[in-house]
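Visitor: One predicted model, sequence on top.
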Amino acid sequence: MSYTMTGAVTGSAQTGFTSPTYTLSADSPIDNRSLQSAVLAIGGTQAGVAVHSVDAPFTVSVRRPSRLKTKLMATLNSITGRYSKIPANEYSILVRKAAQIDDGQWVTNEYRITSKVFAGTETYDAPNVKAGISCAIGFASQNSAGMGDTVSTGVQ
């Protein structure tokens, strides 16, 4: 997989954070179809944020399908000539970040971005597949502070 899994990552805007950065270091992946890094250093102003530890994980994982599906696996309707039951490949980015529910009582929250890509679209119409990914990540980045505030307050 062509992901940069080590080095500095510039975080997106959050209320109360100034220029957040996260330094990723290679970590053992959760399985053989994943890559994983641990956040071992933070930068900028992020009061109260903890880096990765055994008790308080802070990891980034990317995962690909265990078996890539192709358009050849789709079922073609002999009457309509259209495909039905088109297989899809799912890719995901998962951030695990521990947070306390009370003093010293840690739980691990999960933040996911999942891409479901129907077999054949990645080769027949790659520009539109890439545009969907670009828009999804851009939207999440531009709305990072709003998402953080909504999760904290429950107000959209």
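Guide: Received it, and whenever you're ready, just let me know what you need.
Visitor: how about low-confidence regions in this protein?
Guide: Residue ranges of the chain with pLDDT under 70: 1.
Visitor: Where do the strands of it begin and end?
Guide: In the chain, the segments counted as strands under DSSP state E are 7-10, 18-27, 34-45, 58-63, 75-76, 83-84, 88-102, 105-118.
Visitor: Could you save these as a markdown table and add columns showing mean neighbour count?
Guide: Yep, even glycine has a C-beta here, placed from its N, CA and C like the rest. Supplementary listing: these in a markdown table, determined by neighbours: other CB atoms under 10 Å:
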| stretch | mean neighbour count |
| --- | --- |
| strand 7-10 | 12 |
| strand 18-27 | 16 |
| strand 34-45 | 16 |
| strand 58-63 | 21 |
| strand 75-76 | 10 |
| strand 83-84 | 12 |
| strand 88-102 | 14 |
| strand 105-118 | 12 |
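Visitor: need those in TSV with distance to residue 141, can you?
Guide: TSV is the format used below for these (distance: least, CB to CB, whole Å):
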stretch	distance to residue 141
strand 7-10	10
strand 18-27	12
strand 34-45	16
strand 58-63	15
strand 75-76	38
strand 83-84	34
strand 88-102	13
strand 105-118	11
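Visitor: For residue 152, find the nearest of the ones you listed.
Guide: Of all those, strand 88-102 sits nearest to residue 152, with 11.4 Å by CB to CB.
Visitor: contacting residues for the residue most central in space within the chain?
Guide: Centroid-nearest residue in the chain, with CA atoms, centre = their mean: residue 93, separated by 2.5 Å. Neighbouring residues of residue 93 by CB atoms under 8 Å, 6 or more residues apart in numbering: 60-62, 112-114.
Visitor: what's the longest helix along the chain in contact with?
Guide: Criterion DSSP state H: the longest helix present in the chain is helix 126-142. By CB under 8 Å, 6+ apart, the list of residues contacting helix 126-142 from outside reads 12, 113, 115, 117, 121-122, 147.
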